[in-house]
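Student: Starting from these lines, generate the structure:
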Amino acid sequence: MRIQTVLDVFQEKVPETFAFLVDRHGFKLDRNDDYAFVAKSKHCDVLIDLDWGSIVVSVRPLQTGRAVRLSSIVGAKNPTVLFLPRYPWGPEDASEEIDRQADLLASYCGDILNGDFSQWAALEAHQQQVLEQWRGESERLVKEARAKLVRRRAEAAWSRRSFSEAAQLYASIHDDLTQAEIARQEYCRRRTLLVCVPRAPRVAGLA
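Tutor: Numbering: from 1, shown residues only. The predicted model follows:
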């Protein structure tokens, strides 16, 4: 007996669950490839993708050609709805997620699906704002991770009394240093500057 996978559920359930696009709004729903369906009408496309295990639904007006994700549309229209990406761990989870997103699409996009794009500029602006916030948060997390790694290396260099290396490492994350680390960096810098220079050998015959 063949075990059903998330991909199997996606391919079998999407045409059934999103059939309301055809029945109520006059779309034509087809499978684009193994991991994507597209529903087309005279004014927009609805894209339904299995993207790295996550079900992603987007709406793309023919007039602009720029898609906005369902998560952004729901967030703009009703900020109280917590719309987080869900990654199905198995066929049952995938089935529930497909049902959830179809319900949200029907509830929040009825006007859009019928060709009313009067609020589309605001929806695009909201998605751009969310993307910029996400990008800023990602950059912050990367910076914190780098600082943590460099700090560990600097502390190891300090423990080995490798003052030159420690000073360089602390300097590379200067904006993130604590007062104690700033003092330690300055100590390492001074110790590096005060390294003794070997004296030249005395020339024979000279006093």
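Student: Please determine how far Asp34 is located from Leu50.
Tutor: Distance, Asp34 to Leu50, by CB to CB, to the nearest Å: 8 Å. Placement of C-beta: from N, CA and C, glycine included.
Student: Oops, could you answer that again for Leu105 instead?
Tutor: 16 Å.
Student: Show me the beta-bridge partners of Ser54.
Tutor: For Ser54, the beta-bridge partners under DSSP bridges are Asp51.
Student: What residue spans form the domains of the chain?
Tutor: Domain assignment for the chain by automatic domain parsing gives 6-118, 143-193.
Student: how about the ones you listed in a markdown table, adding distance to Gln133?
Tutor: Formatted as a markdown table, those follow (distance: least, CB to CB, whole Å):
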| stretch | distance to Gln133 |
| --- | --- |
| domain 6-118 | 11 |
| domain 143-193 | 16 |
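Student: Give the burial count for the residue lying closest to Pro61 once chain neighbours are set aside, as a bare number.
Tutor: Using CB to CB, 6 or more residues apart in numbering and skipping residues adjacent in sequence, the residue nearest Pro61 is Cys44, 4.7 Å away. By other CB atoms under 10 Å, the residues close to Cys44 number 24.
Student: Same check on the one 4 residues further on?
Tutor: Using other CB under 10 Å, Ile48 has 27 other residues around it.
Student: in this protein, what spans have low per-residue confidence?
Tutor: For the chain, the stretches with pLDDT under 70 are 1, 85, 194-207.
Student: so where do the helices sit in it?
Tutor: 6-17, 20-25, 70-77, 91-108, 110-113, 120-159, 163-172, 179-193 (DSSP state H).
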